[in-house]
Every structure is written in C-alpha cells, then in structure tokens.
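In: Test case, fold it:
(2 chains)
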2 protein chains.
Amino acid sequence: MKVAGLRCISCGSVYDPAELDYTCPRCGPRRGTLEVLYDYDKIKRAFTWEALKRSQNYSMWRYLPILPVEDERYIQPLKVGWTPLYRFDHLAREYGVKELYIKDDGVNPTASYKDRASAIVVIKAQEKGKKVVACASTGNAASSLAGFAANTGLTTIIFVPKSAPEAKLAQLLIYGAKVLAVEGSYDQAYDLCLEAAERYGWYNRSAAINPYLVEGKKTGALEVAEQLDWEVPDLVLVPVGDGSVISGVYKGFHDLLELGFIEAVPRIIGVQAEGAAPIKRAFERYTGAEVAIEDQEAKTLADSIAVGKPRDIVKAVKYIHAARGFFISVSDREILEAIGELAKRTGVFAEPAAAAAYAGFRLLAEQGRLSKSDRVVAMITGSGLKDIAAARRVVGRPYPIGPSMKDVERVLKELEGK
Amino acid sequence: MKVAGLRCISCGSVYDPAELDYTCPRCGPRRGTLEVLYDYDKIKRAFTWEALKRSQNYSMWRYLPILPVEDERYIQPLKVGWTPLYRFDHLAREYGVKELYIKDDGVNPTASYKDRASAIVVIKAQEKGKKVVACASTGNAASSLAGFAANTGLTTIIFVPKSAPEAKLAQLLIYGAKVLAVEGSYDQAYDLCLEAAERYGWYNRSAAINPYLVEGKKTGALEVAEQLDWEVPDLVLVPVGDGSVISGVYKGFHDLLELGFIEAVPRIIGVQAEGAAPIKRAFERYTGAEVAIEDQEAKTLADSIAVGKPRDIVKAVKYIHAARGFFISVSDREILEAIGELAKRTGVFAEPAAAAAYAGFRLLAEQGRLSKSDRVVAMITGSGLKDIAAARRVVGRPYPIGPSMKDVERVLKELEGK
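Out: Prediction:
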C-alpha cells in the first residue's frame, strides 16, 4: 500500500486506510477531516527531479509516486493536469511585481480544477468495489465527477442547489449523471448527500469529507513548482469556498518540501468572496489552538465559492497558517472586473470564482501589499464558459446591423466617438 | 523567408507572399484560394523525427519549421495544440473497428480547433504591420481570434450572424472584440466583412480567403500522426462547414508525406450536416475538372458548420479527392445523439459541429462501411460548453427535490422504475 496512514487534522489520531473511508470518528465530519500520510523516505529513492525530467507523461499522473492510487488499471484516459502556467510580463510591470503567472485550469477535460480530484475519486471508488459515486457540489466538482465516471461502470448521483448555472447542469446531465436539484443552498445539498450516501453505501466525493480529494488537488501545486523549475513563487493566490483546493495547494508544496524538491513552501493566499468569507474570519481569529467555526449565509455571484458552511475549514486555516499565508476577500464587482481584465489582457477567460484569484492580486497591489521582487501565481480554477451569465454582466452588447456597408460605416463612426 | 510561394488552387499560378495577401486575382476570391508552398528539401535537413522527439515544446509550435511564421517574437503565450488523442477500446469493439481515437480540440485556450489558425493569423497581422484584424465567423473563429489578439495591440472587429450562440458572443465580447451582429446569415456576414476589410485595410481572418489559416489548421493532422508514432490511421473524420479545417487536415498529412515522415495520406472523410452539405454535393459531381459550385441556404443546429456558401470548397473537394476520401452527411438528430453518446461513454463533451464527426463514424458503422482492421480518428473541433442550448435538447431534466431524505427516497424509487 502506498498510503501509510490517515491522520485526523484536529486530534492527530492515525488510522489504517483500509479501515476508514471518510473522517475521524472522534472529531466528527467537519473537524475530523483526514490527511493522507506517505513514507517520504521510501518514495524519495525512486521519485527524483531527474526521474521527472525523463517522464513523457504530461498530465497529473507524472506524480503517481505521491498519489494515493493503488490500482493503476483504473486510471481514466482523460488528460487531466499539466495545465499551462502563463507568464504575463505586461501585467507584472503594470502591477509592480517581478513576475505574474496565470495557471489556467480551465483547459482540463471538464474545464475546472476539480478534475484533479475527480480523477482520483473515480479510481478509489473502483478500488473499493463501489457501484455508485455521489457528490454534492456547486457545479464543477459534480460535472467533473460525472465526466470522469462516464467511461467506467459507475453510476453518478449528484446533489446541486437549484441555482447552479445552466452550463454546469447541462454538463452533468450530458455525462449521464442522475441529478437531484435541491430547493435550497449548496450547504443543504451537501448535508442531504452526506446522509443519503451513508444510508445507501454510495462512495461520497463531496468536498473535504473524502481524504483523497486533497491529494488530487495538490497536483496543481506540484505542477507550478516543476513548471518554475523548482524555484517556488513568493505568493500563490487561490480562490476559496470549502477550503479544499487551497488545502490541496498547500499539501502539494508540503509534500515537495518533505521530499527535498523545494526549499520552502510559498505564502499561500486564500481569496474569498465578500459575501461568503467564513474561512477568512476563522483564520483571523486563529491563535494556534482550536479553529473557531462560524457559518453564514453565502451571498456571491461566484457560485463555485458560494459556501457559507465550509467543510475543509480546519485544514484550510491550519495549512495557510503553516504557509505564513493569509486570507483576503473581494467584492462581486471586483470579481466581475477581474473577469473582464483577465480576458482582455491575456486571453484567459475565467469563471467568477476563478477570476477571484486575479481580483485578489489586483487588490493586494492596490493596497501596496506586493513588493517589486515578488513572483506571484494566480490559480485560475475554472473556465468562463461555465458561467456565461456572469460574463455577460461585464460585457457590452454587440452592435446590431443590417447586411449593408452603410450600417458598418455607422457603427465605425460610433466606435470612433468612444 | 520560410514561405517559398503562394499557389492558386485553381489555375496553379504562383505568387510571391510579399506581394499578395489573399486570393489569386485571376480566379477571384472563391476559386482563387492559395496554397502555401515550402522548400521541403531544405526543411528536411533540420526537421526530423529525432528533432521532434527531443522537443520539449508540447504545443503546435513544435512544428514551427513547417509553419509560415517569419517573426517568432509575435508568438502568443497561450498554449494551443498538442491536444489529447484518446483511444477508446470499448467503443472500437462496439462498432467493429480495430481502434477508435478521439482528438479533443475543445481543450484549446478558447475551446475550439480554430485556435490553431488564429494563433498564426495574429502573428501574420503583426508581421504585416496591421492594426486591425477582422473576421466573419459563425462564432468559434471569431472568439478564437479575439482571444489570441487580447494580449497584443491589435483591435479585433468581428462580423457574426445574429443567431450565434450566447456563449460564443459572450466570449467575443469578454475578450474585448468589437462585434457587429448581422441581421442575416453567416454567408451575408462573410461578404460584408470582406468588403469592409478591403475598404479599411484591415487584416482579414475570414475562412479560406487567408492562405495562412489552413497552415495553422494542418497542425491537428501533424499531431495525430506524431501521437500515433507516425503510423497514420486508415480514416480521419472531420466536420465540414467552409471546408478549411478539412483542407488543413489534408495539408498536414501532405506536408508529412513530402517530408518523408509518413508513407501515405489517410483517407479523410468530410462530415456535413444534412441541411448544409454543398461540399458533399460538389464532391460527388467532381470529375477531376473544374469544381462545380452550387450554394444553398444552410439549415442545421450545428452552427459551426451551418455554411451554405462554403469558401474553401475548391480546396476541400480537390484535397479529399487526392486523399481518396469522401463526404457524408448526418441529420441534426444524429448529431444530437452523438453529443450524448460521446459524453456518456467517453467524458468528452462536444459542440454539435464537433459531434458531427462522431455521428459520421456511427453512420459509417451502421452502413457497414468500416472494416475490422480500420484505425479511425474523429476530430472533435470544439467544446460542448460553447453551445449549452443544443446539449439541453438531448438531456433529461434534473429531479427537483426539497432538502429532505423523503424526497431523495422518492426520486430513487422513480429511478429504479426506469
């Protein structure tokens, strides 16, 4: 077995992975999320810079030696990970940093960062002999799960809030998932899925509860480090809803540090929406003792991070503390502006939650919290095509014209006047 | 200069690329489309299998020695090409062929095959000192052009038919393009853009007229050949609207044959929508003499191939004739079914035009036109997220439930009954 143990993030108890699927029985489903432990000394022997350099596998599976996969036959063909890390010098200059990088995870198979976790979960479900995988999701995790399960014998059952964007719903349905649209919030859908999965023995892919998700999500950090030739950036900005992606990003850098691949974990900065920032609040009150959890009602157009009852809050707070990072929050208006600027200036079209990372970068610059020597990475966690309605709120309209040159002339004059 | 000349596809006249931007003055804009000529013997010396094997550039730029780029400084950072070629054995077995491959070009930066051409055009525009690039498009070519121009100083002016899907319009606008929505068909938008570009000196990226588009589009074929380790498939299925993508696919294999990389060009099969199949008709009447052009009104939900007046018809007919290929047509119903089956069975979510390639594969199998020894590639030219409305026509609806286990039970019973 590759996984050496599962350790509770709160009480530190270590469990045998063959005996426990989800969370620490002592600490319960929210405080008792588990960390996946490895025998780093053993892994180190074969898994080296040089081995990676020789690897022809340009996907997240290039990191297989530090992923919790026991049976490689279940790896799906869909190419997930090794997404582009773009360097944009014009924006770095404009915002007064040394380097700005955009990690575009919108080009994953189902167009979001969540593919990294679903790729793992579909394997674990089959290793465990499960027939049904279930998930509560604001949209991306679910469509990703449905996409990765498509080529397997697994049945996918999804719980989404009724308000999920059309594109995400359509994606779910087209991949053949059974979709239950819950009259309620994401948080309610989550609790319902939890109860149903337990009652019917489904394998649960909902955020945080499943310890292997963070392992998939760490691959984004592994890639950033390798793509920067193991010179880690100073700051990494990550959009935060449940807190799982940011926990994954930390875990990736942590693993690399343990393996001697890098010399330090970068400062990781969580970006929440102003209307859904419970992890930011908990982080700011954190003293090193117990994480204080205070839920709220989530209010933001960035549906992927519209989470009022974050499930990975304990890991997110502890990990970002360990990474000498912090949390900030951005308004919906700032998110919308970020979508527009990012697309217009780089060609990368992000969904609202993803654009929050770039909005956070702009905010830090505005507040004078960035230095000229900073190398900054913003994690763009989903494609703008996932939520066209949001994008339409920032763009103008097309100019309607008849099929005549006269009409073209009229519009050109209008444009000149602007 | 890398480009040795531009040759008219109809009369064979060869022009100096410094002297002509678009089409043969003798044969006019539709019959006079140009082929880009190279000095293959010169290229062969440095561009070899071995050189490619050493290349760490996993994008279309790995083929730079046979691309018409003179000034590499204008290459944009967006990673285009080297898209996954998936092999699906379960479907190959089911349809009675040896191997089935799906080339997923939906994961390009703006989510379509057209990025391959736009990446080139943005370079050529800057090499020629142009300030404005213009394009008439059913959607993908335009949003792709806007995305690739985003990071440059170029202004983008786009002509689309008013009926273009919302996602494509939003993409155009978010990238900062000026969009003229023409009350009329794509074919009318095309003619208007042609006239305006000529009058105002804009660089025109509209299909076929610009000889460098096909060069970008050929890279999909180069990748297929390399990804199959230079053992070309028997059949390659390509969706056909204007005829430029399929001409590009042929040109790619043709170049590889000239360079001695492959031993034969595969049979290339053009798939048109039943309601917009003028190239199929022209091909079936083709005797080796002049290509007979008969336009029609386009009627199909596959907007990317809803072309009644195809601009690259001469190349498409001549090239597919040379490739011992043929054309077929599929109904809108077959296209919708193909979207669903492809997504459910592989996890690849295609837009209608892209799914037409897979619909064509199913049709050939049904008609007994495939053999057990066939290795087949279907080119999936755009992401399903581009046209959610179409996908929604084939999927069921979510099950609405209240946030209670009772409702979950009710739905599960309903599902069992199915």
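In: measure stretch A:220-233 end to end?
Out: One end of stretch A:220-233 to the other measures 13 Å (Cα to Cα, to the nearest Å).
In: Also stretch A:93-113?
Out: Termini of stretch A:93-113 sit 28 Å apart (Cα to Cα).
In: got it, and stretch A:396-413?
Out: 17 Å.
In: List the buried residues in that stretch.
Out: By 16 or more other Cβ atoms under 10 Å in any protein chain shown, the buried positions in stretch A:396-413 come out as A:398, A:399, A:401, A:403, A:407, A:408, A:411, A:412. The way it works is simple: take the backbone N, C-alpha and C, and place the C-beta from them, glycine included.
In: Which two among those are spaced furthest apart?
Out: Between any two of these, the greatest separation by Cβ to Cβ is 15.7 Å, found for A:403 and A:412.
In: related to what we said a few turns ago, output those of the buried residues of stretch A:396-413 also counted as contacts of chain B.
Out: Counting by Cβ under 8 Å from any Cβ of the partner chain, A:398, A:399, A:401, A:403, A:407, A:408, A:411, A:412 from the buried residues of stretch A:396-413 sit close to chain B.
In: Just say helix, strand or coil for the most centrally placed residue in chain A.
Out: By Cα atoms, centre = their mean, the mean C-alpha position of chain A lies nearest to residue A:245, the distance being 3.8 Å. Three-state assignment for residue A:245 (DSSP: H, G, I helix; E, B strand; the rest coil): helix.
In: For it, which non-adjacent residue is spatially closest?
Out: The shortest distance from residue A:245 to any non-neighbouring residue, by Cβ to Cβ, 6 or more residues apart in numbering or on different chains, is to residue A:217 (5.3 Å).
In: Check the one you found and give its pLDDT.
Out: For residue A:217, the pLDDT comes out at 98.
In: That one touches residue A:115, doesn't it?
Out: No - assessed by Cβ atoms under 8 Å, residue A:217 is found out of contact with residue A:115, at 10.0 Å.
In: more neighbours, the two?
Out: For the pair residue A:217 and residue A:115, the greater number of neighbours falls to residue A:115 (31 against 28), based on other Cβ atoms under 10 Å in any protein chain shown.
In: So which bits of stretch A:191-202 are buried?
Out: Quick answer for stretch A:191-202 (16+ other Cβ under 10 Å): A:191, A:192, A:193, A:194, A:196, A:197, A:202.
In: my bad, stretch A:63-71
Out: For stretch A:63-71, using 16+ other Cβ under 10 Å, the buried residues are A:63, A:65, A:66, A:67, A:68, A:69.
In: Can you convert these into TSV and add a column each for pLDDT, secondary structure and distance to chain B?
Out: Below are the buried residues of stretch A:63-71 laid out as TSV (pLDDT from 0 to 100; DSSP: H, G, I helix; E, B strand; the rest coil; distance: Cβ to the nearest Cβ, whole Å):
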residue	pLDDT	secondary structure	distance to chain B
A:63	98	helix	17
A:65	96	helix	22
A:66	97	helix	22
A:67	98	coil	19
A:68	97	coil	21
A:69	97	coil	18
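In: circling back: backbone dihedrals for the residue nearest to residue A:245, both of them.
Out: Backbone torsions of residue A:217, given as degrees, to the nearest 10, read phi -70, psi -20.
In: Roughly how far does it sit from chain B?
Out: According to Cβ to the nearest Cβ, to the nearest Å, residue A:217 and chain B sit 19 Å apart.
In: For residue A:394, which three-state class applies?
Out: Secondary structure assignment for residue A:394 (three-state DSSP): coil.
In: which residues are in contact with stretch A:89-100?
Out: A:87-88, A:233, A:345-346, A:361-362, A:365, A:370-376, A:378, B:151 (Cβ atoms under 8 Å, 6 or more residues apart in numbering or on different chains).
In: Nearest to residue A:315 among the ones next to chain B among the buried residues of stretch A:396-413?
Out: Nearest to residue A:315 among these, counting by Cβ to Cβ, is residue A:398 at 45.2 Å.
In: Wait, the closest one touches residue B:182, no?
Out: No - between residue A:398 and residue B:182 there is no contact under Cβ under 8 Å: 9.4 Å.
In: tell me, what's touching those two both at once?
Out: residue B:160.
In: give me phi/psi at residue A:167?
Out: Per degrees, to the nearest 10, the backbone of residue A:167 is at phi -60, psi -40.
In: residues from the stretch 151-300 of chain A in reach of chain B?
Out: Contact residues (Cβ under 8 Å from any Cβ) of the stretch 151-300 of chain A with chain B: A:151, A:160, A:162, A:166-167, A:169-176, A:178-184, A:188-189, A:191-192, A:195-196, A:199-200.
In: Pull out the buried members of the residues you listed.
Out: Here, 16+ other Cβ under 10 Å leaves A:151, A:160, A:166-167, A:169-176, A:178-182, A:184, A:188-189, A:191-192, A:196 buried among those.
In: Could you list which of those residues belong to helices?
Out: Those of those mapping onto helices are A:166-167, A:169-174, A:188-189, A:191-192, A:196, per DSSP state H.
In: Pull the most distant pair out of the residues you listed.
Out: A:174 and A:191 (27.0 Å).
In: Where do the strands of the stretch 251-400 of chain A begin and end?
Out: A:267-273, A:326-330, A:375-380, A:399-401 (DSSP state E, counting those that start in this stretch).
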